[in-house]
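Chemist: Give me a model of this one.
(one chain, ligands or ions: 1)
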Amino acid sequence: MPNHDFLVRSLASVWHPCSQMKHYENFPLVPIARGAGVWLYDFDGNRYLDAVSSWWVNLFGHCNPRINAAIADQLGKLEHVMLAGFTHEPVVQLSERLAQLAPAGLGHCFYASDGASATEIALKMSAHYWRNRGKLLKTGFISLQNSYHGETLGALSVTDVALFRDAYGALLKQNSTVTSPDWRNAAAGESAADYALRCADKLEAYLQQHHDSLAAFIVEPLVQGAAGMAMYHPVYLQRARQLCDEYRVHLIADEIAVGMGRTGTMFACAQAGITPDFLLLSKGITGGYLPLSAVMTNDEIYRAFYADETARGFLHSHSYTGNPLACRAALATLDIFVRDDALAMNRNKAMYLNEIAQPLRGHPAVRNWRNTGMIWAFEVDSPHRDFAQRCFTLALQSEMLLRPIGNTIYFMPPYIITHDEMDLLVNCTLRLVEKLS
Ligand SMILES: *Cc1c(COP(=O)(O)O)cnc(C)c1O
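Modeler: I've put the predicted structure just below:
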């Protein structure tokens, strides 16, 4: 049972991520004792509906019995072995199954432990590919405005969030951004598709001029998460694929947040019918259990590294690459997709939520209501400058974990959320909007 002392000890010893630690003086930490399904419980028995899937990672609920069982089974067999020079069954099975599910042609899977590392790997592989092919100048990258691809130095160099970047500007490679197809920026009367095509024209103009020095274009397909769940039309990805082919620039699809069924299809790229040169996965891949990320790529890229010389190979490594426990959690997660027909189930849930959300969506302070698969977002007109923090605090008081990005409230719930829980979520949020607008 944690008391005030426990929180003091916690703040004295743990440096929390994405936090100004001083702010915890006014907004205390929430100590969590256990989780079950969509619910997190604190030590006093209060519960919180995890409407953000614990930073977008949880897919089938906390303490899911099926994932627990798979990890426990693996724990009795092999907890870990290095993946350089060794292999094991979970990593082979996972690579084969991901290749079957992903857009055709991505048959080679490289592993790491977190999303930012997957970004680093894709950037390095892309530039190293061009080097191995004799194109020494192709070392630059482009990303979308407001992009987010992680916060290590390489990943941050293709991330366009000033708050995360500015302090480290001197350490970062100068990459460029191109206009985001975020439909909120469409002109009055312009459709999302037309706006996406207009943005693709700008991408073309950039590629035309700079392709000689570019290795890759990295993009979050369909939804730019950290930008505040900015959504865009899939035709942008179709044009980006064509243009990247035409100008010989790799297309990196960062599906770290949107992969694993989040946008309604197993991978977001499927909605544009495209195959990227690199597909990045993490977050939901283990159902939200253990750190794991994967970079999937094609034969053409793989072959450029396959040679007698060691230095032509991709020598990148992390200690826990391909960890068997994490791979088993991922395999158990994939099993649930199949056995529960989770994508079909999610379509029904999304329909239900959209239906019951009519009053919320119609509230005069709510703007830009949007939904892709199991992601919902909208802006709230509010006089409060500290809207996000206020909303977070008030939400906790009504048993909900919401973590707005600026004035954007979003829902990204675990897929096992029930109709009753969606009712609670939507009704509580409507009351919050009423209080805060
Ligand atoms: C979260 C995220 C990352 C970074 O993943 P970490 O595991 O937090 O390093 C990269 N890209 C996208 C799109 C993400 O949402």
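
Chemist: quick one: low-confidence parts of the stretch 301-437 of the chain?
Modeler: Residue ranges of the stretch 301-437 of the chain with pLDDT under 70: none are present.

Chemist: Looking at it, which residue is nearest the ligand?
Modeler: The stretch 301-437 of the chain approaches the ligand most closely through residue 412 (10.5 Å), counting by CB to the nearest ligand atom. C-beta here means a position set from N, CA and C on the backbone, and glycine is covered the same way.

Chemist: Now do the contacts for the residue in the chain that the ligand sits nearest to.
Modeler: Ranked by CB to the nearest ligand atom, the top residue of the chain for proximity to the ligand is residue 115, at 2.0 Å. Residue 115 makes contacts with 149-150, 155, 254, 256, 280, 282-283, 293, as judged by CB atoms under 8 Å, 6 or more residues apart in numbering.

Chemist: run the last query once more with 6 Å
Modeler: Contact analysis of residue 115 by CB atoms under 6 Å, 6 or more residues apart in numbering lists 150, 256, 282, 293.

Chemist: Is the second one in a helix, a strand, or coil?
Modeler: When the structure is reduced to helix, strand and coil (DSSP: H, G, I helix; E, B strand; the rest coil), residue 256 reads as coil.

Chemist: Quick one, grab the pLDDT at it.
Modeler: Reported pLDDT at residue 256 in the predicted model: 98.

Chemist: can you list the residues of this structure near the ligand?
Modeler: Within the chain, the positions adjacent to the ligand are 114-116, 119, 148-150, 220, 225, 254, 256-257, 282-283 by CB under 6 Å from any ligand atom.

Chemist: Which ones among the residues you listed lie within helices?
Modeler: Under the assignment DSSP state H, these contribute 115-116, 119 to helices.

Chemist: Columns pLDDT on top of those residues, output as CSV?
Modeler: Below are these laid out as CSV (pLDDT from 0 to 100):
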residue, pLDDT
115, 98
116, 98
119, 98
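
Chemist: Now the closest residue to residue 136 other than its chain neighbours, what are its backbone angles?
Modeler: In space, residue 136 comes closest to residue 130 once its chain neighbours are excluded; the distance is 7.5 Å by CB to CB, 6 or more residues apart in numbering. When read as degrees, to the nearest 10, the backbone of residue 130 gives phi -60, psi -40.

Chemist: Tell me if I'm right that residue 130 and residue 214 touch.
Modeler: No - Residue 130 lies out of contact with residue 214 (CB atoms under 6 Å); the separation is 9.2 Å.

Chemist: So for those two, which sits in the more crowded spot?
Modeler: Neighbours per residue (other CB atoms under 10 Å) separate residue 130 from residue 214, with residue 214 holding more: 26 against 20.

Chemist: Tell me who's in contact with the more buried one.
Modeler: By CB under 6 Å, 6+ apart, the residues touching residue 214 are 140, 249.

Chemist: make it 8 Å
Modeler: By CB under 8 Å, 6+ apart, the residues touching residue 214 are 138, 140-142, 207, 247, 249.

Chemist: By neighbours, which of those residues wins?
Modeler: residue 249 (28 neighbours).

Chemist: what separates that residue from residue 219, distance-wise?
Modeler: Counting by CB to CB, to the nearest Å, the gap between residue 249 and residue 219 amounts to 12 Å.

Chemist: can you give me the strands for the stretch 1-150 of the chain?
Modeler: 32-36, 39-42, 47-50, 108-112, 140-144 (DSSP state E, counting those that start in this stretch).

Chemist: How far off centre is the last one?
Modeler: Centroid displacement of strand 140-144 relative to its chain, using CA atoms, centre = their mean, to the nearest Å, is 18 Å.

Chemist: what pLDDT, on average, does it get?
Modeler: The average pLDDT for strand 140-144 rounds to 98.

Chemist: Alpha carbons of it, in CSV - could you do that?
Modeler: Written as CSV, here are the backbone C-alpha positions of strand 140-144 (Å, rounded to 0.1, in the frame of the first residue of the first chain):
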residue,chain,number,x,y,z
GLY,A,140,19.9,12.4,-46.8
PHE,A,141,16.4,11.8,-45.5
ILE,A,142,13.1,13.5,-45.7
SER,A,143,10.0,13.2,-43.4
LEU,A,144,6.6,14.9,-43.1
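
Chemist: Name the next helix or strand following it along the chain.
Modeler: The helix or strand immediately downstream of strand 140-144 is helix 153-156, counting by DSSP states H and E.

Chemist: That following helix packs against which elements?
Modeler: helix 115-132 (3 or more CB pairs under 8 Å, 6 or more residues apart in numbering; DSSP states H and E).

Chemist: dump the residue contacts of residue 71.
Modeler: Counted by CB under 8 Å, 6+ apart, residue 71 has contacts 289-290, 325, 328-329, 332.

Chemist: In three-state terms, label the residue lying closest to residue 347 once chain neighbours are set aside for me.
Modeler: In space, and not counting its chain neighbours, residue 347 is closest to residue 264: 6.8 Å by CB to CB, 6+ apart. Under three-state DSSP, residue 264 falls in the coil class.

Chemist: same deal with the one 5 residues further on?
Modeler: Using three-state DSSP, the secondary structure recorded for residue 269 is helix.
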